[in-house]
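>>> For reference, the sequence and a predicted model appear below.
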Amino acid sequence: MSKKRKRPDPVLAGEVGSAKAHEEFEQSLDPARSPGRPPGAKNLDVEEIEGELTRCPKCGSTERGPYFNRRDLPIRGNHLVTGLPYTSIVVRRCQCLGCGQHRDDKHYLNHRKK
Ligand SMILES: [Zn+2]
């Protein structure tokens, strides 16, 4: 058989698993569907770790268009600002509404096992 002796598999959507969790996970990523994400409204095993507010590096505006070109990176670590553990990073591109500059925003996700 294969002799893969890397790190254990990261906990990603497939393993976290249930379709419902995944669906709500997707919704939590969609700014159009959950613009404000009210505190305490989430009772999921997937938690988004908030970092600093994303901001245009060019003009400083936090106004942005919708995200697109999403990439899920199975990278674990601890958030530099909050110190909270994360199990994956989602990178999404968006466009600044202030100056039109494109940028990639990172969001750190923590898939907790129940
Ligand atoms: Zn800008």
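Here it is on my side, so go on. Numbers count the residues shown, from 1 in each chain.
>>> phi, psi of the closest residue to His102 other than its chain neighbours?
Leaving aside its sequence neighbours, His102 sits nearest to Gln95 (Cβ to Cβ, 6 or more residues apart in numbering; 5.2 Å). In short, each C-beta sits where N, CA and C put it, glycine included. Backbone torsions of Gln95, given as degrees, to the nearest 10, read phi -120, psi 130.
>>> In contact with Gln95, which residues?
Listed by Cβ atoms under 8 Å, 6 or more residues apart in numbering, the contact partners of Gln95 are 64-65, 101-103.
>>> and the spatially closest residue to Leu97 that is not a sequence neighbour, how many neighbours does it have?
Closest residue to Leu97 apart from its sequence neighbours, by Cβ to Cβ, 6+ apart: Glu63 at 4.0 Å. Applying other Cβ atoms under 10 Å, we find 12 other residues in the vicinity of Glu63.
>>> Could you double-check that Glu63 lies in contact with Cys99?
No. Contact criterion Cβ atoms under 8 Å: Glu63 and Cys99 do not qualify, at 9.9 Å.
>>> Give the ChimeraX command for selecting the buried subset of the contacts of Gln95.
The buried subset of these, as determined by 16 or more other Cβ atoms under 10 Å, is captured in ChimeraX by this line:
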select :64
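>>> The ion contacts on this protein?
Contact residues (Cβ under 5 Å from the ion) of the chain with the ion: 56, 58-59, 61, 96, 98-99, 101.
>>> Looking at those residues, which one is closest to His79?
Top of the list for closeness to His79, among those and by Cβ to Cβ, is Cys56 at 21.4 Å.
>>> Report pLDDT for that closest one.
On pLDDT, Cys56 comes in at 94.
>>> Same question for the one 5 residues further on.
The predicted structure scores Ser61 at 94 on the pLDDT scale.
>>> give the contact list for the residue nearest to it when sequence neighbours are not counted.
Residue nearest to Ser61 in three dimensions, not counting chain neighbours: Gly98, with 3.2 Å by Cβ to Cβ, 6+ apart. By Cβ under 8 Å, 6+ apart, the contact set of Gly98 is 56, 59-61, 63.
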